[in-house]
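> Pasted the sequence and its predicted model underneath.
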Amino acid sequence: MNWLNEPLSTIDRQWPAALLKKAETFLRQGKVDELEETGNGNWIAFVRDTKDCDVQIRLLGAEVAGCQCDCGADTMPCEHAAAAMLALRDRLAGAPAKTTRKAKTALEKKPARKKKETFEDILNRVSHDELKAFLKEAFGRQRDFRNMFMARFAEPDDALGKAGYVKLLKNILRSGVSRWGYIDGRGFRKIAKPMNELIKQAHIQIDKKQFLGPMHLGQAMLEEISEQFTTDYDGGGYLQGFIHEGIQFFKKIFQSADTAQSLKNELWNYLLEQCPKPIYLDYGGTYHGEMMELLVVYAQAGEPENRLHRLLDEQLLALSATSRQDYLREFRKKYWLGWKIDLYRQLGRVAEMNALVDANLQVPEFRQIKLEQTIADERWDAALALIKEGIALAIEQKHPGTVTEWKKQLLRIAQLRGDREQLRAQAQELFQTDRFRLEYFKIIKSSYAPDEWSEAARTIISALEKRELPPDYLLPVLEEEQDWPRMFACIRREGRFDMLLRYEPVMLEHFPQESEKLYASWLRQTAERASNRDEYKQVVALLQNLAQKYPNGKENTASLVREFRERYKRRMAMLEEMDKIK
């Protein structure tokens, strides 16, 4: 379809009937939003579809020079870009025509230009009653404005408790629900402003030592937003972020010396009531742990402590009553046992804590607690026995990551004891089995005398090269040993542009001309593969980096820009981005 350089007014004549029908349907249904000019004939629009799309259009005079859409269509225009072009055509066609300028006579006077009013001018001119009437009208018609206004100025009656905040939160969350019944990315952007305003006002109240309102808001956020997780996927953690803010209110209330003890007790009892609820365990992510931490840290001796123990025991008993032996059951058992151990520690009940740890040494985290105690007492034989038993259990359970963690503890003990032989042996084993990490290589190096290290280093590097490992493992070792020729040879052999950029300073210092040649070659390949605006921006950034850092960078950059303009003259977005190169 050849539609480039066609007048916008007649461009739809070049389109297939099916495309034109879809575009007209989008336009008729009002799905083209936020159409605006960004300058120099460039226009943007937002088109609502099953996936909301951003469209860019470029005009040269009255002709369409190019367009883009992030829907992923293989050819342009897609139905979204076509709909945006129709909307733009209608916008420009509806603009008032420019009148022909007449020659002025000597008697004609140039009319005085009226000064454009600013926001402050209008605010000062409008009467109180007019402004109040406008706010009432906007409050009644625009949900987003209503939510923002209530978040900023509403003060729920303390007699209603959290009910006032619950009602307000329901309205805010409802405003972000899409037509498909859940809060998507666009919906989150709609609710973010009023939610952030509520949070801001709550922090102001806390600073004023007014704690009741923030506590009620935090409770409402915990309950209402958690309920939203049953229908919404919060992969980005945006909604959980609001709950984390609410729990921060709880934390400040507990920490403040100005909070009445009765309010702290009320909040503690509330958290104790909420924590066992399945919705928090199923969807709570990390904030359930924050709730438990507050319960454990601020548990008072006596009846509150006993109630928390009963809660933990009930959860453990319920898990032991199930016949299922799966990951989730074991995870939750470890979770509740961990909090019971923390509670004993918090209350200074060391003997009971140790007994619970000893009864559950099959759990690596609890074995680690026992290990820390033996290391603190310098009971090295007992520590080594704990580690070896942990390794055997992990091997039996086929948990190689846990095996590695225990071997790190063997290395740690060798360091604490100054045992050079064991230090070298453990570091060498970990270097081989734990992705050839540079930290182990450095430990191995520290175990050799300077006159012995050169030969040992050559042996290790040769072994790495024979294994044909990715450069991510070999290059850090070569850099540590300052083996620049081998580094450059490795980068060139692998053809990894990202590696050249990572080690650019040392490559420029030792191989400036050769590095520049590789850079230009790989930049051409990057430009060839680029297919969207973000990738074009990356190409431009690489061009600018070439100009700034390399010996002949400015000349090479100018040459590459000319080459790309000729080779990719149909990539309008790339040309626009290259216009920004100074």
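All right, it came through fine.
> Can you get me a residue count around residue 550?
Using other Cβ atoms under 10 Å, the number of residues around residue 550 comes to 21. Any C-beta I mention is one placed from the backbone N, CA and C, and that applies to glycine too.
> Now do the same contact list for the nearest residue to it once chain neighbours are set aside.
Leaving out its chain neighbours, the residue that sits closest to residue 550 by Cβ to Cβ, 6 or more residues apart in numbering is residue 516, at 4.5 Å. Neighbour list for residue 516: 546, 550-553, 556 [criterion: Cβ atoms under 8 Å, 6 or more residues apart in numbering].
> okay but residue 490 is in contact with residue 472, surely?
No. Using Cβ atoms under 8 Å, residue 490 is not in contact with residue 472; the gap is 10.6 Å.
> These two: who's more crowded?
For residue 490 versus residue 472, the count of surrounding residues by other Cβ under 10 Å is larger for residue 490: 18 against 14.
> what's the distance between residue 125 and residue 135?
According to Cβ to Cβ, to the nearest Å, residue 125 stands 16 Å off from residue 135.
> on that earlier part again, next structured bit after the host helix or strand of the residue nearest to residue 550?
If you go by DSSP states H and E, residue 516 is part of helix 512-529. Where DSSP H and E defines the elements, the next helix or strand beyond helix 512-529 is helix 533-549.
> any idea of the mean pLDDT for that following helix?
Averaged across helix 533-549, pLDDT comes to 94.
> Dump that helix to CSV, restricted to CA.
Backbone C-alpha positions of helix 533-549 (Å, rounded to 0.1, in the frame of the first residue of the first chain) are rendered in CSV as follows:
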residue,chain,number,x,y,z
ARG,A,533,11.3,4.4,18.3
ASP,A,534,13.0,3.1,21.5
GLU,A,535,15.5,1.2,19.5
TYR,A,536,16.1,4.2,17.2
LYS,A,537,16.8,6.3,20.4
GLN,A,538,19.4,3.7,21.4
VAL,A,539,21.0,4.0,18.0
VAL,A,540,21.2,7.8,18.4
ALA,A,541,22.7,7.4,21.9
LEU,A,542,25.3,5.1,20.5
LEU,A,543,26.2,7.6,17.8
GLN,A,544,26.5,10.3,20.4
ASN,A,545,28.7,8.1,22.5
LEU,A,546,30.9,7.4,19.5
ALA,A,547,31.3,11.2,18.8
GLN,A,548,32.2,12.0,22.4
LYS,A,549,34.6,9.3,23.4
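> so residue 276 touches residue 313, yeah?
No. Judged on Cβ under 8 Å, residue 276 makes no contact with residue 313 at a distance of 11.6 Å.
> who's in contact with residue 52?
Residues near residue 52 by Cβ under 8 Å, 6+ apart: 46, 186.
> separation between it and residue 185?
Per Cβ to Cβ, residue 52 is found 8 Å from residue 185.
> Repeat that for residue 220.
24 Å.
> Those two - which one has more neighbours?
The residue with more neighbours, out of residue 220 and residue 185, is residue 220; 23 against 11, by other Cβ under 10 Å.
> Who's the closest spatial neighbour of that one, skipping the chain neighbours?
Nearest to residue 220 is residue 165, by Cβ to Cβ, 6+ apart, at 3.9 Å.
> ok, now which ones touch residue 246?
217-222.
> Which of those fall in helices?
Counted as lying in helices by DSSP state H, out of the contacts of residue 246, are 217-222.
> Out of the residues you listed, which comes closest to residue 282?
Taking Cβ to Cβ as the measure, residue 282 sits nearest to residue 222 out of these, at 14.4 Å.
> give me every residue that touches that closest one.
With Cβ under 8 Å, 6+ apart, residue 222 has these contacts: 243, 246-247, 274, 287.
> Neighbour-wise, give me the winner out of those.
residue 243 (27 neighbours).
> List the buried residues of the helix or strand hosting that residue.
For residue 243, the host element (DSSP H and E) is helix 238-255. Under the neighbour-count criterion of 16 or more other Cβ atoms under 10 Å, helix 238-255 has 238-243, 245-250, 252-254 buried.
> Run the chain-centre distance for it.
19 Å (Cα atoms, centre = their mean, to the nearest Å).
> Dump the C-alpha coordinates for it into PDB.
Extracted C-alpha coordinates of helix 238-255, given in PDB (Å, rounded to 0.1, in the frame of the first residue of the first chain):
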ATOM      1  CA  TYR A 238       1.200  -0.900  42.000                       C
ATOM      2  CA  LEU A 239      -1.900  -1.700  44.200                       C
ATOM      3  CA  GLN A 240       0.300  -3.400  46.800                       C
ATOM      4  CA  GLY A 241       2.300  -0.200  47.000                       C
ATOM      5  CA  PHE A 242      -0.700   1.600  48.400                       C
ATOM      6  CA  ILE A 243      -1.100  -1.100  51.100                       C
ATOM      7  CA  HIS A 244       2.500  -0.800  52.000                       C
ATOM      8  CA  GLU A 245       1.900   2.900  52.500                       C
ATOM      9  CA  GLY A 246      -1.000   2.100  54.800                       C
ATOM     10  CA  ILE A 247       1.100  -0.300  56.900                       C
ATOM     11  CA  GLN A 248       3.700   2.500  57.200                       C
ATOM     12  CA  PHE A 249       0.900   4.500  58.900                       C
ATOM     13  CA  PHE A 250       0.500   1.600  61.400                       C
ATOM     14  CA  LYS A 251       4.300   1.500  62.000                       C
ATOM     15  CA  LYS A 252       4.500   5.200  62.700                       C
ATOM     16  CA  ILE A 253       1.500   5.000  65.100                       C
ATOM     17  CA  PHE A 254       3.200   2.200  67.100                       C
ATOM     18  CA  GLN A 255       6.600   4.000  67.100                       C
END
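> Give me the angle between whichever helix or strand comes after that helix and helix 238-255.
Next along the chain after helix 238-255, taking DSSP H and E as the criterion, comes helix 261-274. When axes from the mean of the first three to the mean of the last three Cα atoms, to 10 degrees is applied, the directions of helix 261-274 and helix 238-255 differ by 140 degrees.
> hmm, back to that, I'd like the contacts of residue 222 as JSON lines, with pLDDT and distance to residue 416 appended.
Output for the contacts of residue 222, formatted as JSON lines (pLDDT from 0 to 100; distance: Cβ to Cβ, whole Å):
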{"residue": "243", "pLDDT": "92", "distance to residue 416": "41"}
{"residue": "246", "pLDDT": "94", "distance to residue 416": "43"}
{"residue": "247", "pLDDT": "95", "distance to residue 416": "38"}
{"residue": "274", "pLDDT": "95", "distance to residue 416": "43"}
{"residue": "287", "pLDDT": "88", "distance to residue 416": "37"}
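> State the mean pLDDT of the particular helix or strand that has residue 196 in it.
Secondary structure assignment for residue 196, by DSSP H and E: helix 185-207. Averaging pLDDT along helix 185-207 yields 88.
> next one: that helix to chain centre, how far?
Relative to its chain's centre, helix 185-207 lies at 19 Å (Cα atoms, centre = their mean).
> so what secondary structure elements neighbour that helix?
Judged by 3 or more Cβ pairs under 8 Å, 6 or more residues apart in numbering; DSSP states H and E, the packing partners of helix 185-207 are helix 143-153, helix 163-175, helix 212-228, helix 238-255.
> Present those as CSV; the columns should include distance to residue 417.
Below are these laid out as CSV (distance: least, Cβ to Cβ, whole Å):
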stretch, distance to residue 417
helix 143-153, 60
helix 163-175, 57
helix 212-228, 48
helix 238-255, 41
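> how about stretch 444-461: buried residues?
Buried, per 16+ other Cβ under 10 Å, within stretch 444-461: 444-445, 447, 457, 460-461.
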